[in-house]
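Chemist: Just the structure for this:
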Amino acid sequence: MAFSNPVVEAGVAGLAALFRERAVTPSEAVEVYLSRIERLNPRLNAFLAVDAEGARAAALASGARWAAGRPLSPIDGVPIGIKANIASVGLPLHAGIDAYRDQVADHDAVCVARLKAAGAVILGVLNMHEGALGATTDNPAFGRCQNPHWSGFTPGGSSGGSGAAAAAGLCAAALGTDTMGSVRIPSGYCGIFGLKPGRGRVSTEGVIPLSWTLDNVGPHARSAEDCRLVFEAMAEGAAALSAEGRPWAALDFSGQVRVDPRVVWAFEDRLQAARDLGLAVETLRLDDYDFGAVRRLGLLISEVEGHVVHEARLAERPEGFSRAFADGLAWGARQPAPRLAKAYRELETTAARLRARLSGYAGLLSPTTPQFAFVFDDPVPVNQADFTAMANVAGMPAAAFPSGLTGGMDGGLPLSVQVMAWTEADALDLAQTLARPVFTPPDFAG
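Modeler: Numbers count the residues shown, from 1 in each chain. So this is what the prediction gives:
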(Lines give C-alpha, C1' and ligand atoms only; values in the text may rest on other atoms or scores of the structure.)
Protein backbone atom coordinates (compact mmCIF):
# COMPACT_ATOMS: atom_id res chain seq x y z
CA MET A 1 0.00 0.00 0.00
CA ALA A 2 1.32 3.45 -0.90
CA PHE A 3 0.48 6.96 0.22
CA SER A 4 -2.20 8.53 -1.97
CA ASN A 5 -0.52 11.95 -1.82
CA PRO A 6 2.37 12.26 -4.32
CA VAL A 7 4.27 14.65 -2.02
CA VAL A 8 4.31 12.12 0.81
CA GLU A 9 4.93 9.22 -1.54
CA ALA A 10 7.98 11.07 -2.91
CA GLY A 11 9.80 10.87 0.42
CA VAL A 12 13.12 12.71 0.39
CA ALA A 13 14.71 11.72 -2.92
CA GLY A 14 11.52 12.16 -4.93
CA LEU A 15 10.87 15.68 -3.69
CA ALA A 16 13.98 17.04 -5.40
CA ALA A 17 12.63 15.81 -8.75
CA LEU A 18 9.24 17.39 -8.06
CA PHE A 19 10.87 20.67 -7.08
CA ARG A 20 13.17 20.63 -10.11
CA GLU A 21 10.28 19.96 -12.47
CA ARG A 22 8.21 22.64 -10.69
CA ALA A 23 5.45 20.10 -10.19
CA VAL A 24 5.44 21.02 -6.50
CA THR A 25 7.02 23.88 -4.55
CA PRO A 26 8.68 23.49 -1.16
CA SER A 27 5.90 25.65 0.32
CA GLU A 28 3.27 23.29 -1.05
CA ALA A 29 5.16 20.30 0.32
CA VAL A 30 5.35 21.87 3.77
CA GLU A 31 1.63 22.58 3.74
CA VAL A 32 0.94 18.93 2.92
CA TYR A 33 2.96 17.80 5.92
CA LEU A 34 1.59 20.46 8.28
CA SER A 35 -1.94 19.42 7.29
CA ARG A 36 -1.16 15.75 7.93
CA ILE A 37 0.36 16.57 11.31
CA GLU A 38 -2.74 18.55 12.30
CA ARG A 39 -5.08 15.79 11.15
CA LEU A 40 -3.20 12.64 12.15
CA ASN A 41 -0.82 13.49 14.98
CA PRO A 42 -3.57 13.49 17.67
CA ARG A 43 -3.82 9.72 17.09
CA LEU A 44 -0.05 9.15 17.13
CA ASN A 45 1.37 11.74 19.53
CA ALA A 46 4.59 11.71 17.52
CA PHE A 47 5.08 15.49 17.21
CA LEU A 48 5.25 17.36 20.52
CA ALA A 49 5.87 20.82 19.01
CA VAL A 50 5.39 22.12 15.47
CA ASP A 51 7.12 25.22 14.11
CA ALA A 52 4.66 26.08 11.33
CA GLU A 53 5.88 29.69 11.00
CA GLY A 54 9.54 28.71 10.81
CA ALA A 55 8.83 25.87 8.40
CA ARG A 56 6.86 28.12 6.07
CA ALA A 57 9.62 30.74 6.05
CA ALA A 58 12.30 28.14 5.32
CA ALA A 59 10.16 26.61 2.55
CA LEU A 60 9.61 30.02 0.94
CA ALA A 61 13.37 30.64 0.85
CA SER A 62 13.94 27.16 -0.57
CA GLY A 63 11.34 27.78 -3.27
CA ALA A 64 13.22 30.88 -4.40
CA ARG A 65 16.43 28.88 -4.71
CA TRP A 66 14.77 26.12 -6.73
CA ALA A 67 13.10 28.71 -8.99
CA ALA A 68 16.52 30.27 -9.64
CA GLY A 69 18.04 26.86 -10.34
CA ARG A 70 20.37 27.11 -7.35
CA PRO A 71 19.26 24.63 -4.69
CA LEU A 72 21.69 24.16 -1.83
CA SER A 73 21.57 20.36 -1.97
CA PRO A 74 19.31 17.43 -2.94
CA ILE A 75 17.43 17.90 0.36
CA ASP A 76 16.76 21.62 -0.10
CA GLY A 77 13.13 22.17 0.93
CA VAL A 78 12.64 18.69 2.39
CA PRO A 79 10.51 18.69 5.60
CA ILE A 80 12.23 16.88 8.49
CA GLY A 81 11.29 16.26 12.12
CA ILE A 82 13.83 16.08 14.94
CA LYS A 83 13.92 14.17 18.20
CA ALA A 84 13.30 16.19 21.35
CA ASN A 85 16.90 15.84 22.57
CA ILE A 86 18.38 17.53 19.47
CA ALA A 87 18.71 21.32 19.57
CA SER A 88 17.06 23.54 16.96
CA VAL A 89 16.91 27.27 17.70
CA GLY A 90 13.61 28.36 19.19
CA LEU A 91 12.24 24.83 19.64
CA PRO A 92 11.77 22.84 22.86
CA LEU A 93 14.82 20.88 23.99
CA HIS A 94 13.76 18.61 26.83
CA ALA A 95 14.79 15.05 25.89
CA GLY A 96 11.35 13.87 26.96
CA ILE A 97 12.09 14.81 30.59
CA ASP A 98 9.55 16.91 32.49
CA ALA A 99 12.30 18.69 34.43
CA TYR A 100 13.43 20.33 31.16
CA ARG A 101 9.92 20.95 29.78
CA ASP A 102 10.37 24.73 29.48
CA GLN A 103 13.88 24.62 28.02
CA VAL A 104 14.16 26.15 24.55
CA ALA A 105 17.22 25.72 22.34
CA ASP A 106 19.27 28.89 21.89
CA HIS A 107 21.49 27.34 19.21
CA ASP A 108 21.33 24.57 16.66
CA ALA A 109 22.93 21.20 17.20
CA VAL A 110 25.73 20.73 14.66
CA CYS A 111 23.69 18.09 12.80
CA VAL A 112 20.69 20.43 12.57
CA ALA A 113 22.89 23.33 11.47
CA ARG A 114 24.21 21.13 8.68
CA LEU A 115 20.71 20.17 7.61
CA LYS A 116 19.63 23.80 7.56
CA ALA A 117 22.75 24.72 5.57
CA ALA A 118 21.62 22.11 3.04
CA GLY A 119 18.20 23.78 2.89
CA ALA A 120 16.19 21.26 4.90
CA VAL A 121 13.01 22.48 6.56
CA ILE A 122 12.63 21.64 10.25
CA LEU A 123 8.98 20.89 11.01
CA GLY A 124 9.21 20.44 14.77
CA VAL A 125 10.12 18.25 17.72
CA LEU A 126 9.29 14.56 18.12
CA ASN A 127 8.33 12.42 21.09
CA MET A 128 10.85 10.05 22.67
CA HIS A 129 11.41 7.72 25.59
CA GLU A 130 12.23 9.75 28.69
CA GLY A 131 15.91 10.69 28.64
CA ALA A 132 16.49 8.16 25.82
CA LEU A 133 16.79 5.42 28.45
CA GLY A 134 14.33 2.86 27.13
CA ALA A 135 12.71 1.52 23.98
CA THR A 136 8.92 1.94 24.27
CA THR A 137 8.29 5.74 24.07
CA ASP A 138 5.67 5.37 26.76
CA ASN A 139 6.55 8.80 28.10
CA PRO A 140 5.10 9.69 31.53
CA ALA A 141 5.37 13.46 30.96
CA PHE A 142 4.54 13.81 27.26
CA GLY A 143 2.32 10.79 26.65
CA ARG A 144 2.53 7.55 24.73
CA CYS A 145 3.53 7.60 21.09
CA GLN A 146 1.51 5.01 19.18
CA ASN A 147 2.78 2.60 16.57
CA PRO A 148 1.10 3.73 13.32
CA HIS A 149 0.43 0.13 12.29
CA TRP A 150 -1.59 -0.76 15.41
CA SER A 151 -2.83 1.58 18.11
CA GLY A 152 -1.90 0.39 21.59
CA PHE A 153 1.42 -1.02 20.41
CA THR A 154 4.80 0.56 21.04
CA PRO A 155 6.63 2.23 18.15
CA GLY A 156 9.88 1.29 19.88
CA GLY A 157 12.38 3.75 21.24
CA SER A 158 13.98 5.72 22.34
CA SER A 159 13.34 7.55 19.05
CA GLY A 160 9.77 6.30 18.88
CA GLY A 161 8.29 9.59 17.72
CA SER A 162 10.83 9.77 14.92
CA GLY A 163 10.08 6.27 13.67
CA ALA A 164 6.31 6.71 13.93
CA ALA A 165 6.28 10.11 12.21
CA ALA A 166 8.40 8.92 9.29
CA ALA A 167 6.35 5.73 8.88
CA ALA A 168 3.02 7.57 9.00
CA GLY A 169 4.10 10.24 6.53
CA LEU A 170 4.10 13.16 8.95
CA CYS A 171 7.55 14.15 7.68
CA ALA A 172 9.75 13.10 4.80
CA ALA A 173 12.44 11.94 7.24
CA ALA A 174 13.26 12.27 10.91
CA LEU A 175 16.33 12.48 13.10
CA GLY A 176 16.79 10.19 16.06
CA THR A 177 19.58 9.27 18.42
CA ASP A 178 20.92 5.77 18.91
CA THR A 179 22.75 4.62 22.05
CA MET A 180 22.18 0.87 21.79
CA GLY A 181 19.61 0.72 19.01
CA SER A 182 17.34 3.72 19.48
CA VAL A 183 17.15 4.59 15.77
CA ARG A 184 17.01 1.02 14.46
CA ILE A 185 14.54 -0.42 16.99
CA PRO A 186 11.73 2.07 16.20
CA SER A 187 12.54 1.90 12.49
CA GLY A 188 12.16 -1.87 12.75
CA TYR A 189 8.95 -1.77 14.77
CA CYS A 190 7.43 0.83 12.42
CA GLY A 191 8.47 -0.87 9.17
CA ILE A 192 10.90 1.69 7.72
CA PHE A 193 14.64 2.22 7.27
CA GLY A 194 16.93 3.57 9.98
CA LEU A 195 20.65 4.29 9.93
CA LYS A 196 23.09 4.42 12.82
CA PRO A 197 26.22 5.99 11.31
CA GLY A 198 29.72 4.95 12.29
CA ARG A 199 31.11 6.50 15.45
CA GLY A 200 32.04 10.15 14.92
CA ARG A 201 30.51 10.41 11.45
CA VAL A 202 27.71 12.72 12.65
CA SER A 203 28.42 15.23 15.40
CA THR A 204 26.48 14.87 18.65
CA GLU A 205 27.31 18.44 19.75
CA GLY A 206 24.08 20.14 20.72
CA VAL A 207 22.37 16.85 21.65
CA ILE A 208 21.29 16.18 25.23
CA PRO A 209 23.19 12.92 25.66
CA LEU A 210 22.36 9.72 27.41
CA SER A 211 25.87 8.37 26.88
CA TRP A 212 28.58 10.40 25.20
CA THR A 213 30.45 7.13 24.72
CA LEU A 214 27.72 5.30 22.81
CA ASP A 215 25.37 7.98 21.38
CA ASN A 216 24.95 8.55 17.64
CA VAL A 217 22.62 10.71 15.54
CA GLY A 218 20.95 9.04 12.56
CA PRO A 219 17.99 9.32 10.15
CA HIS A 220 14.72 7.42 9.85
CA ALA A 221 13.05 7.36 6.42
CA ARG A 222 10.95 5.25 4.07
CA SER A 223 13.82 4.31 1.76
CA ALA A 224 17.53 3.63 2.05
CA GLU A 225 18.19 6.40 -0.46
CA ASP A 226 16.28 8.87 1.70
CA CYS A 227 18.41 7.87 4.69
CA ARG A 228 21.54 8.28 2.60
CA LEU A 229 20.66 11.81 1.48
CA VAL A 230 19.90 12.99 5.02
CA PHE A 231 23.02 11.30 6.40
CA GLU A 232 25.27 12.81 3.74
CA ALA A 233 24.00 16.29 4.56
CA MET A 234 25.11 15.80 8.19
CA ALA A 235 28.22 13.67 7.74
CA GLU A 236 31.69 14.71 8.81
CA GLY A 237 35.13 13.20 8.25
CA ALA A 238 36.20 10.49 5.89
CA ALA A 239 34.27 7.27 5.43
CA ALA A 240 35.93 3.97 6.26
CA LEU A 241 37.18 1.83 3.40
CA SER A 242 34.55 -0.34 1.78
CA ALA A 243 34.88 -4.11 2.18
CA GLU A 244 33.29 -4.74 -1.20
CA GLY A 245 34.22 -8.14 -2.59
CA ARG A 246 34.26 -9.89 0.76
CA PRO A 247 31.47 -12.29 1.73
CA TRP A 248 28.68 -11.21 4.06
CA ALA A 249 28.30 -12.90 7.43
CA ALA A 250 24.91 -14.13 8.62
CA LEU A 251 24.68 -14.31 12.40
CA ASP A 252 23.95 -17.71 13.94
CA PHE A 253 22.33 -16.73 17.24
CA SER A 254 20.75 -20.08 18.08
CA GLY A 255 21.02 -20.91 21.77
CA GLN A 256 22.31 -17.40 22.55
CA VAL A 257 19.31 -15.09 21.97
CA ARG A 258 15.66 -16.11 22.17
CA VAL A 259 14.04 -14.89 18.94
CA ASP A 260 10.40 -15.02 17.85
CA PRO A 261 9.91 -17.64 15.10
CA ARG A 262 8.37 -15.06 12.76
CA VAL A 263 11.48 -12.90 13.12
CA VAL A 264 13.64 -15.94 12.37
CA TRP A 265 11.56 -16.78 9.30
CA ALA A 266 11.84 -13.23 7.91
CA PHE A 267 15.59 -13.19 8.56
CA GLU A 268 16.18 -16.52 6.83
CA ASP A 269 13.97 -15.41 3.94
CA ARG A 270 16.16 -12.35 3.36
CA LEU A 271 19.33 -14.46 3.59
CA GLN A 272 17.96 -16.72 0.88
CA ALA A 273 17.08 -13.65 -1.20
CA ALA A 274 20.69 -12.48 -0.88
CA ARG A 275 22.00 -15.86 -2.02
CA ASP A 276 19.51 -15.93 -4.89
CA LEU A 277 20.99 -12.64 -6.05
CA GLY A 278 24.43 -14.23 -6.13
CA LEU A 279 25.78 -12.64 -2.95
CA ALA A 280 28.23 -14.68 -0.91
CA VAL A 281 26.73 -15.20 2.55
CA GLU A 282 28.50 -17.30 5.19
CA THR A 283 27.14 -18.27 8.59
CA LEU A 284 29.06 -16.79 11.51
CA ARG A 285 28.72 -17.79 15.15
CA LEU A 286 30.09 -15.51 17.86
CA ASP A 287 30.54 -17.93 20.76
CA ASP A 288 32.85 -15.48 22.55
CA TYR A 289 30.24 -12.70 22.43
CA ASP A 290 27.78 -12.67 25.34
CA PHE A 291 24.78 -10.72 24.06
CA GLY A 292 23.18 -10.21 27.46
CA ALA A 293 26.43 -9.22 29.13
CA VAL A 294 27.24 -6.66 26.43
CA ARG A 295 23.74 -5.19 26.67
CA ARG A 296 24.13 -4.87 30.44
CA LEU A 297 27.55 -3.31 29.95
CA GLY A 298 26.05 -0.67 27.67
CA LEU A 299 23.26 -0.02 30.15
CA LEU A 300 25.74 0.44 32.99
CA ILE A 301 27.77 2.97 31.00
CA SER A 302 24.60 4.76 29.88
CA GLU A 303 23.23 5.10 33.41
CA VAL A 304 26.57 6.26 34.81
CA GLU A 305 27.08 8.87 32.10
CA GLY A 306 23.39 9.80 32.14
CA HIS A 307 23.65 10.64 35.83
CA VAL A 308 26.58 12.96 35.11
CA VAL A 309 24.52 14.68 32.40
CA HIS A 310 21.47 15.23 34.62
CA GLU A 311 23.02 15.51 38.08
CA ALA A 312 22.40 19.24 38.50
CA ARG A 313 18.78 19.13 37.32
CA LEU A 314 18.12 16.06 39.47
CA ALA A 315 19.16 18.11 42.50
CA GLU A 316 17.11 21.14 41.44
CA ARG A 317 13.92 19.43 40.23
CA PRO A 318 13.78 15.80 41.34
CA GLU A 319 10.01 15.76 40.82
CA GLY A 320 10.63 16.35 37.10
CA PHE A 321 12.05 12.84 36.65
CA SER A 322 9.93 9.68 36.67
CA ARG A 323 10.69 7.18 39.38
CA ALA A 324 11.97 4.63 36.87
CA PHE A 325 14.32 7.08 35.15
CA ALA A 326 15.56 8.59 38.41
CA ASP A 327 16.19 5.13 39.86
CA GLY A 328 18.23 4.16 36.82
CA LEU A 329 20.39 7.26 37.08
CA ALA A 330 20.77 6.81 40.83
CA TRP A 331 21.96 3.25 40.26
CA GLY A 332 24.56 4.61 37.88
CA ALA A 333 25.72 7.13 40.48
CA ARG A 334 26.30 4.35 43.02
CA GLN A 335 28.72 2.36 40.89
CA PRO A 336 32.25 2.24 42.36
CA ALA A 337 35.23 3.49 40.37
CA PRO A 338 36.85 0.03 39.96
CA ARG A 339 33.68 -1.33 38.39
CA LEU A 340 33.54 1.62 35.98
CA ALA A 341 37.17 1.16 35.01
CA LYS A 342 36.53 -2.51 34.28
CA ALA A 343 33.39 -1.61 32.28
CA TYR A 344 35.24 0.79 30.00
CA ARG A 345 38.06 -1.72 29.56
CA GLU A 346 35.56 -4.46 28.71
CA LEU A 347 33.83 -2.17 26.22
CA GLU A 348 37.13 -1.52 24.46
CA THR A 349 38.21 -5.15 24.38
CA THR A 350 34.79 -6.33 23.22
CA ALA A 351 34.81 -3.77 20.40
CA ALA A 352 38.28 -4.83 19.27
CA ARG A 353 37.36 -8.53 19.41
CA LEU A 354 34.13 -8.00 17.46
CA ARG A 355 35.78 -5.91 14.76
CA ALA A 356 38.51 -8.53 14.42
CA ARG A 357 35.94 -11.32 13.99
CA LEU A 358 34.22 -9.29 11.25
CA SER A 359 37.40 -8.18 9.49
CA GLY A 360 37.16 -10.85 6.80
CA TYR A 361 33.56 -9.96 5.93
CA ALA A 362 31.76 -7.10 4.20
CA GLY A 363 29.51 -6.94 7.25
CA LEU A 364 27.06 -8.83 9.43
CA LEU A 365 23.38 -9.57 8.90
CA SER A 366 21.08 -10.26 11.84
CA PRO A 367 17.51 -9.56 12.90
CA THR A 368 17.12 -5.97 14.05
CA THR A 369 15.36 -7.10 17.23
CA PRO A 370 14.45 -10.52 18.63
CA GLN A 371 10.76 -9.55 18.57
CA PHE A 372 8.39 -7.10 16.89
CA ALA A 373 6.23 -4.32 18.34
CA PHE A 374 4.30 -5.33 21.44
CA VAL A 375 1.37 -4.00 23.45
CA PHE A 376 2.31 -1.19 25.84
CA ASP A 377 0.90 -3.05 28.82
CA ASP A 378 2.88 -6.22 28.10
CA PRO A 379 6.17 -6.82 29.93
CA VAL A 380 9.03 -5.06 28.14
CA PRO A 381 11.44 -7.63 26.63
CA VAL A 382 14.86 -7.19 28.22
CA ASN A 383 16.65 -8.32 25.06
CA GLN A 384 15.33 -5.72 22.59
CA ALA A 385 18.85 -4.32 22.03
CA ASP A 386 20.79 -7.60 21.96
CA PHE A 387 21.48 -7.35 18.22
CA THR A 388 21.53 -3.58 17.79
CA ALA A 389 24.03 -2.94 20.62
CA MET A 390 26.75 -4.72 18.63
CA ALA A 391 27.13 -1.81 16.22
CA ASN A 392 27.30 0.78 19.00
CA VAL A 393 29.97 -1.19 20.81
CA ALA A 394 31.98 -1.76 17.63
CA GLY A 395 31.43 1.81 16.40
CA MET A 396 30.30 0.47 13.01
CA PRO A 397 27.50 1.75 10.78
CA ALA A 398 24.29 -0.29 10.84
CA ALA A 399 21.01 -0.01 8.99
CA ALA A 400 17.62 -1.53 9.76
CA PHE A 401 15.35 -2.40 6.85
CA PRO A 402 11.86 -3.91 6.52
CA SER A 403 11.68 -7.66 5.95
CA GLY A 404 7.93 -8.24 5.87
CA LEU A 405 4.91 -8.39 8.15
CA THR A 406 3.95 -10.87 10.85
CA GLY A 407 0.84 -11.80 8.86
CA GLY A 408 2.67 -12.11 5.58
CA MET A 409 1.75 -9.76 2.74
CA ASP A 410 -1.79 -9.55 4.09
CA GLY A 411 -0.98 -7.53 7.18
CA GLY A 412 0.26 -7.59 10.72
CA LEU A 413 3.17 -5.86 12.36
CA PRO A 414 6.48 -5.01 10.67
CA LEU A 415 9.51 -7.28 10.81
CA SER A 416 13.05 -6.03 10.30
CA VAL A 417 16.61 -7.10 9.49
CA GLN A 418 19.82 -5.27 10.43
CA VAL A 419 22.99 -5.00 8.38
CA MET A 420 26.24 -3.87 10.00
CA ALA A 421 28.99 -2.86 7.59
CA TRP A 422 32.23 -0.94 7.48
CA THR A 423 30.70 2.01 5.62
CA GLU A 424 27.30 3.64 5.69
CA ALA A 425 27.07 3.27 1.90
CA ASP A 426 27.61 -0.51 2.05
CA ALA A 427 25.01 -0.92 4.79
CA LEU A 428 22.41 1.16 2.95
CA ASP A 429 23.11 -0.44 -0.42
CA LEU A 430 22.49 -3.93 0.94
CA ALA A 431 19.46 -2.72 2.90
CA GLN A 432 17.93 -1.33 -0.28
CA THR A 433 18.71 -4.53 -2.19
CA LEU A 434 17.20 -6.92 0.35
CA ALA A 435 14.32 -4.88 1.77
CA ARG A 436 10.75 -5.95 1.28
CA PRO A 437 8.34 -3.10 0.41
CA VAL A 438 7.68 -0.53 3.11
CA PHE A 439 4.08 -1.19 4.09
CA THR A 440 2.18 2.04 4.67
CA PRO A 441 0.05 1.96 7.83
CA PRO A 442 -3.50 1.70 6.39
CA ASP A 443 -5.00 4.44 8.54
CA PHE A 444 -2.35 6.92 7.38
CA ALA A 445 -2.21 6.15 3.65
CA GLY A 446 -4.52 8.96 2.57
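Chemist: For residue 381, see how far away the most far-flung residue of the chain relative to its centre is.
Modeler: No residue in the chain sits farther from the centre than residue 68, which is 34.4 Å out by C-alpha atoms, centre = their mean. Per C-beta to C-beta, to the nearest Å, residue 68 is found 52 Å from residue 381. To be clear about C-beta, it is placed using only N, CA and C from the backbone, and glycine gets the same treatment.
Chemist: Let me know the next secondary structure element after the particular helix or strand that has residue 325 in it.
Modeler: Using DSSP states H and E, residue 325 sits in helix 323-333. Using DSSP H and E, the helix or strand that directly follows helix 323-333 along the chain is helix 337-358.
Chemist: Buried ones in the next helix-or-strand element following that following helix, by neighbour count?
Modeler: Downstream of helix 337-358, the next assigned helix or strand under DSSP H and E is strand 363-367. Using 16 or more other C-beta atoms under 10 Å as the test for burial, strand 363-367 gives 363, 364, 365, 366, 367.
Chemist: Let me know the angle separating strand 363-367 from helix 337-358.
Modeler: Put simply, strand 363-367 runs at 110 degrees to helix 337-358, going by axes from the mean of the first three to the mean of the last three C-alpha atoms, to 10 degrees.
Chemist: Can you give the strand pairings for strand 363-367, parallel or anti for each?
Modeler: As defined by DSSP bridges, the strand partners of strand 363-367 come to strand 248-251 (parallel), strand 414-421 (antiparallel).
Chemist: Now find how far off-centre it is within its chain.
Modeler: Put simply, strand 363-367 sits 17 Å off its chain's centre (C-alpha atoms, centre = their mean, to the nearest Å).
Chemist: pLDDT score assigned to the residue farthest from the centre of the chain?
Modeler: Looking at residue 68, its pLDDT stands at 98.
Chemist: re earlier: mind putting the buried residues of strand 363-367 in a markdown table, distance to residue 109 included?
Modeler: Compiled in a markdown table, the buried residues of strand 363-367 are given as follows (distance: C-beta to C-beta, whole Å):
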| residue | distance to residue 109 |
| --- | --- |
| 363 | 28 |
| 364 | 30 |
| 365 | 32 |
| 366 | 30 |
| 367 | 31 |
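Chemist: Save these as CSV, and put in pLDDT too.
Modeler: What follows is those, written out as CSV (pLDDT from 0 to 100):
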residue, pLDDT
363, 98
364, 98
365, 99
366, 99
367, 99
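Chemist: can you give me the helices in the stretch 1-150 of the chain?
Modeler: Along the stretch 1-150 of the chain, counting by DSSP state H, counting those that start in this stretch, helices occupy 6-10, 13-20, 26-44, 52-67, 110-117.
Chemist: now the stretch 151-300 of the chain, which segments are flagged as low pLDDT?
Modeler: Filtered on pLDDT under 70, the stretch 151-300 of the chain yields no residues whatsoever.
Chemist: Do a quick rundown of the strands in it.
Modeler: Per DSSP state E, counting those that start in this stretch, the stretch 151-300 of the chain carries strands over the ranges 173-178, 193-196, 216-221, 248-251, 281-284.
Chemist: which secondary structure elements does the third one contact?
Modeler: It stands for strand 216-221. Under the contact definition 3 or more C-beta pairs under 8 Å, 6 or more residues apart in numbering; DSSP states H and E, strand 216-221 sits against helix 160-167, strand 173-178, helix 184-190, strand 193-196, helix 224-234.
Chemist: Could I get the buried residue list for the fourth one?
Modeler: The one in question is strand 193-196. For strand 193-196, the neighbour count (16+ other C-beta under 10 Å) marks 193, 194, 195, 196 as buried.
Chemist: where's the third one relative to residue 427, distance?
Modeler: Between residue 195 and residue 427 the computed distance is 7 Å (C-beta to C-beta).
Chemist: residues contacting the most centrally placed residue in the chain?
Modeler: A centroid search over the chain (C-alpha atoms, centre = their mean) returns residue 183, at 1.8 Å, as the residue closest to the centre. Residue 183 is in contact with 159, 162-163, 176-177, 194-196, 216, 218-220, 400, counting by C-beta atoms under 8 Å, 6 or more residues apart in numbering.
Chemist: Kindly recompute the last result at 10 Å.
Modeler: Going by C-beta atoms under 10 Å, 6 or more residues apart in numbering, residue 183 touches 83, 156, 158-159, 162-163, 174-177, 193-197, 216-220, 227, 388, 398-400.
Chemist: can you check residue 221 too?
Modeler: Taking C-beta under 10 Å, 6+ apart as the test, what residue 221 contacts is 11-13, 80, 162, 166-167, 171-174, 187, 192-195, 227-231, 438.
Chemist: For it, list each beta-bridge partner.
Modeler: Counting by DSSP bridges, residue 221 is bridged to residue 173, residue 193.
Chemist: Could you measure from it over to residue 68?
Modeler: 27 Å.
Chemist: Spatially, what comes nearest to residue 206 if we skip its sequence neighbours?
Modeler: With sequence-adjacent residues excluded and distances taken as C-beta to C-beta, 6 or more residues apart in numbering, residue 206 is closest to residue 109, at 2.8 Å.
Chemist: these two touch, right, the one you found and residue 84?
Modeler: No - contact criterion C-beta atoms under 10 Å: residue 109 and residue 84 do not qualify, at 11.8 Å.
Chemist: what residues do the two have in common as contacts?
Modeler: Joint contacts of residue 109 and residue 84 (C-beta under 10 Å, 6+ apart) are 93, 208.
Chemist: So for the two, which residue has more residues nearby?
Modeler: Set residue 109 next to residue 84 and count neighbours by other C-beta atoms under 10 Å: residue 84 wins out with 30 against 26.
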